[in-house]
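Participant: Need the 3D shape of this:
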Amino acid sequence: MDQILSGSFAPLRFQLWPRDSFRVVDWNIDRGTQLQGILEFIKEAKADVILLQEVDLNAKRTRRLDIAREIARALQLNFVFGTEFQELTQGSQQSPAYQGQATLSPWPIKDARLIRFRRQTNFWRPHWYLPHIEPFQERLGGRIALVAGIELGGKTITTYNLHLESKEDDILRVSQLNEVLLDAGSASKNSATLIAGDLNLDATKGEPATALERAGFRDGVGLSNVRTRPGRGLFDQGRSIDWIFLSGGLKGRNGRIHRNVPASDHFPVSSEVSFR
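Facilitator: Below is the predicted model of the structure:
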């Protein structure tokens, strides 16, 4: 479960002088069930850093595909993949299925590792009173942050690809976020660091906003009132839960929520990031 999978499909790239800026895309792709639409958007986005959540590996619902590898191979990208859960109703003992996070880039990716959060919910664990069928989403494992360095034209960006817990309350989610901020704070304050993902909370308000600000992180999109996950019913107006935050001399501009992309139950989030 803690093994990191990787692949290198990008051709060698040469940069004769340091980059002034780069493009970031963050997206919960809803397991990758609409793979063709996902490929079309990522290809068009031409991003340097792509952070994806809810990425399937060998799951029945996504035709047993390795979704991260399929995207990387089709678009000539490098990738790393960290396992969040073993999906018990999507595989078998002989052929297990997984879901996790993937970070992709046309640039080299190095030093990938996982933070498996200390505090987790018991909601996903198998229970004797639940039938072993797909709607109950029985799982082993727990929420993670996938950490990776990207060598981007002479500069290294440290990326944290997050998927915070969707069940229980914000107290649990903030505790998971604080683990990431503590880890990021152990590096030099001047290092270029990016935190992005599906945080399952509004990170511009209350305790999460305070924690991010104290750790030196700024909103890299600047569109806090635009919902990134559309409503799922008559009384559900949607939520702002997908974010990009920057520190260490990085500044975002031209932030965008791509509400015209229907390939997931979340909208892609993007930003042009410059080195200040």
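Participant: can you map out the strands along the stretch 101-250 of the chain?
Facilitator: For the stretch 101-250 of the chain, the strands defined by DSSP state E, counting those that start in this stretch cover 109-116, 139-141, 144-152, 155-163, 193-198, 218-219, 242-247, 250-257.
Participant: residues near Leu12, how many?
Facilitator: As a burial measure, Leu12 scores 6 neighbours (other Cβ atoms under 10 Å). Yep, even glycine has a C-beta here, placed from its N, CA and C like the rest.
Participant: ok, now the one 3 residues further on?
Facilitator: When neighbours are defined as other Cβ under 10 Å, Gln15 has 12 of them.
Participant: Thought Gln90 was touching Arg61, still the case?
Facilitator: Yes. Judged on Cβ atoms under 8 Å, Arg61 makes contact with Gln90 at a distance of 6.1 Å.
Participant: which secondary structure elements does the top helix by length along the chain contact?
Facilitator: Longest helix of the chain, by residue count under DSSP state H: helix 170-185. On a contact count with 3 or more Cβ pairs under 8 Å, 6 or more residues apart in numbering; DSSP states H and E, helix 170-185 meets strand 109-116, strand 144-152, strand 155-163, strand 193-198, helix 206-214.
Participant: what does the average pLDDT come to for that helix?
Facilitator: Helix 170-185 carries an average pLDDT of 96.
Participant: Output it as PDB, nothing but the C-alphas.
Facilitator: Extracted in PDB, the C-alpha atoms of helix 170-185 (Å, rounded to 0.1, in the frame of the first residue of the first chain):
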ATOM      1  CA  ASP A 170     -13.600  19.700   9.500                       C
ATOM      2  CA  ILE A 171     -11.700  18.900  12.700                       C
ATOM      3  CA  LEU A 172     -10.400  15.700  11.200                       C
ATOM      4  CA  ARG A 173      -9.600  17.400   7.900                       C
ATOM      5  CA  VAL A 174      -7.800  20.200   9.500                       C
ATOM      6  CA  SER A 175      -5.700  17.700  11.500                       C
ATOM      7  CA  GLN A 176      -4.700  16.100   8.200                       C
ATOM      8  CA  LEU A 177      -3.900  19.400   6.600                       C
ATOM      9  CA  ASN A 178      -1.700  20.300   9.600                       C
ATOM     10  CA  GLU A 179       0.400  17.200   9.100                       C
ATOM     11  CA  VAL A 180       1.100  18.500   5.600                       C
ATOM     12  CA  LEU A 181       1.900  22.000   6.800                       C
ATOM     13  CA  LEU A 182       4.300  20.600   9.400                       C
ATOM     14  CA  ASP A 183       6.000  18.500   6.800                       C
ATOM     15  CA  ALA A 184       6.300  21.400   4.400                       C
ATOM     16  CA  GLY A 185       7.600  23.600   7.200                       C
END
